[in-house]
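> curious how this folds, go ahead:
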Amino acid sequence: MSKRTFQVRFARPVVGADAAPLAPTLRELSGAHGAHLPAHDVGGERYQVRDLVRTGSVWRGVFGKLRDDAPHLVNGADEERELPLADGDRLLEKCHWLYRERGNLLVWQLNRASGGLTRFENYLSHLTGVLVQAPPIMNTGQIEEVLNHRVYEISYGYDRPPALDAGAPRWNQQQFDKMRALDAGHAKFEFRAQRKGQLTERAKEMVREAIGLTGVRKVRVRLTDHDDPIELFAAPLKDKISVEVLGRYPAASDVFAELEDAYDRNRSHIGAADAPA
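All right, here's what the predicted structure looks like:
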C-alpha cells in the first residue's frame, strides 16, 4: 500500500445574519435527511454531504462532488475505452471533515478534486436557504512576522455580509453602513503612505482586526522595503496528514484519526475555546 499526503485547514463556520454556529443547522439537517444530505447543484456541478455521524459533540462527514462524466480507461494492452455508467450513477470525488461543536471548529481535509471550503459554504447555503460562511483560521504567527516590518500599503476587498460580527470595530461598522445605504455588495479599500514612507502602527492594528472578519477578502500588505505585495489570506493555519491509500481513497477511519491528530497539534493556535469534546 502507498501513502498519500493531504493538506488540512481549520475554519469557524457561521450561519445566517446573526453568525450562529453550525451545530444547530447540522443537527436539523441530519434529523431531516439522515446520514446523506440532499445533493445540490453549485456553479454547474453537483455536490453532497454524506456519511454524517455525530459522536458526543463531534461530527464526522464527507463532502463530495458527484460527476456523471466518467473518464476513459486505458487497459494493459494500451487500448482506450469508456467506463460505463448506468442511468443515475455518478462518480464521487470526496474529502473528509470533522466538526467540533465545542469551539465551532471545522477541521477539513483538503482535496481540490472534491471542491474546497467555498463550495462547502455554497452547498450549505443552497441547501438551507441561509448564508453559510466558513472563514479559515489564520496563522497569526506568520501574519505578525509580516507586520513587524514597515508597512507602506494596505488593500483589501469587502463583501458586505447580512450582518456584522459581534464586537466589530467602528471602521467596519462605518463601511458596512455606507455600503448598505448604496445597496453595494462589494467594495475595495487601499491605504498608502507617502512615497518611501510608512503607515502608522494603527494601520497594523487595522490589519489584525480585518483578518477573520465576516466579509473581508484578500488582505494585501506591501512593505516599504519590498516591491511585491504580500497576500495575507495566503497564510491560513494549516497542517498535513499522511494516510495509506487503498485504491483511490484511504480508509475513512484513518483520515478521521489523522484529522483528530492535526487538531491536537494545532490546539494552542486555534484558541482556548476548543477544549476537548
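> A187: which element?
strand 186-192 (DSSP states H and E).
> and that strand, what does it pack against?
strand 151-159, helix 170-182 (3 or more C-beta pairs under 8 Å, 6 or more residues apart in numbering; DSSP states H and E). (Glycine included, C-beta is placed from N, CA and C.)
> need the winner for burial among those.
strand 151-159 (a mean of 19; mean count of other C-beta atoms under 10 Å).
> how far does it sit from the chain's center?
21 Å (C-alpha atoms, centre = their mean, to the nearest Å).
> who touches that strand?
175, 179, 185-193, 197-199, 203-204, 206-207, 210, 215-224, 229 (C-beta atoms under 8 Å, 6 or more residues apart in numbering).
> what angle sits between that strand and helix 170-182?
40 degrees (axes from the mean of the first three to the mean of the last three C-alpha atoms, to 10 degrees).
> quick one: strands adjacent to strand 151-159?
strand 186-192 (antiparallel), strand 216-223 (antiparallel) (DSSP bridges).
> can you say which of those is packed in most?
Comparing those by mean neighbour count (mean count of other C-beta under 10 Å), strand 216-223 ranks first with a mean of 19.
> partners of Q48 in the sheet?
Where Q48 sits in a bridge, its partners, by DSSP bridges, are G64.
> show me where pLDDT drops low in this structure?
Scanning the chain for pLDDT under 70 picks out 1, 68-73, 79, 81-92, 142, 161-167, 212-215, 217, 231-235, 272-277.
> show me how the record splits this structure into domains.
2-70+81-136+237-270, 140-234 (automatic domain parsing).
> which of the ones you listed sits most buried?
Most buried among these, given mean count of other C-beta under 10 Å as the contact rule, is domain 2-70+81-136+237-270, at a mean of 16.
> reformat the helices and strands packed on strand 186-192 as JSON lines; add distance to V255.
Converted to JSON lines, those look like this (distance: least, C-beta to C-beta, whole Å):
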{"stretch": "strand 151-159", "distance to V255": "32"}
{"stretch": "helix 170-182", "distance to V255": "37"}
